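Participant: I'd like to go over a predicted model; first the sequence, then the structure.
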Amino acid sequence: MTFKELKSEKLYYSIGEVAEKFGLAPSTLRFWEKEFTTIKPHKNKKGDRFFTQDDINHIALIHHLVKEKGMTLKGAKTKIKENSKETEDNFAVVTKLQQVKNYLLQIKDEL
């Protein structure tokens, strides 16, 4: 399952919004935040987390590696650490291909 695309470009997204986009529990996002140093949400005085688009991009990469490719968290952490540029580039290509596929399926349905 891929994450849902953002409809509006906000600066910050709540943990509930991000969890819903990826089909994850908020507790999973909090755990990933501890495990991966690339996820750094802003917190207000109450401790509520607010994620930027950059955080969401990192979560999308981790989600792809863990949930779609079946890697362990340790394996995903290692892959990101050792080959971060290559891993991000591969994920960008996969994401673009999924968008093209969805667009073509939409056109097919309209015909």
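Facilitator: That came in fine, so what should we check first?

Participant: and the host helix or strand of residue 18, C-alpha only, in CSV?
Facilitator: Per DSSP states H and E, residue 18 falls inside helix 15-22. C-alpha atoms of helix 15-22 as CSV (Å, rounded to 0.1, in the frame of the first residue of the first chain):
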residue,chain,number,x,y,z
ILE,A,15,1.0,12.9,13.7
GLY,A,16,-2.6,11.7,13.1
GLU,A,17,-2.6,13.1,9.5
VAL,A,18,0.8,11.5,8.7
ALA,A,19,-0.3,8.2,10.2
GLU,A,20,-3.5,8.2,8.2
LYS,A,21,-1.6,9.0,5.0
PHE,A,22,0.6,5.9,5.4
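
Participant: Give me the contacts around the following helix or strand past it.
Facilitator: Next in sequence after helix 15-22, counting helices and strands by DSSP H and E, comes helix 26-35. Helix 26-35 is contacted from outside by 15-16, 18-19, 22, 39-41, 49, 59, 62, 73, 77, using Cβ atoms under 8 Å, 6 or more residues apart in numbering. (Glycine included, C-beta is placed from N, CA and C.)

Participant: So for the helix or strand where residue 109 lies, what gets flagged as buried?
Facilitator: According to DSSP H and E, residue 109 maps onto helix 84-110. Across helix 84-110, burial judged by 16 or more other Cβ atoms under 10 Å covers 87, 91, 95.

Participant: can I get these in a markdown table with distance to residue 31?
Facilitator: As requested, the buried residues of helix 84-110 are arranged in a markdown table below (distance: Cβ to Cβ, whole Å):
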| residue | distance to residue 31 |
| --- | --- |
| 87 | 20 |
| 91 | 21 |
| 95 | 23 |
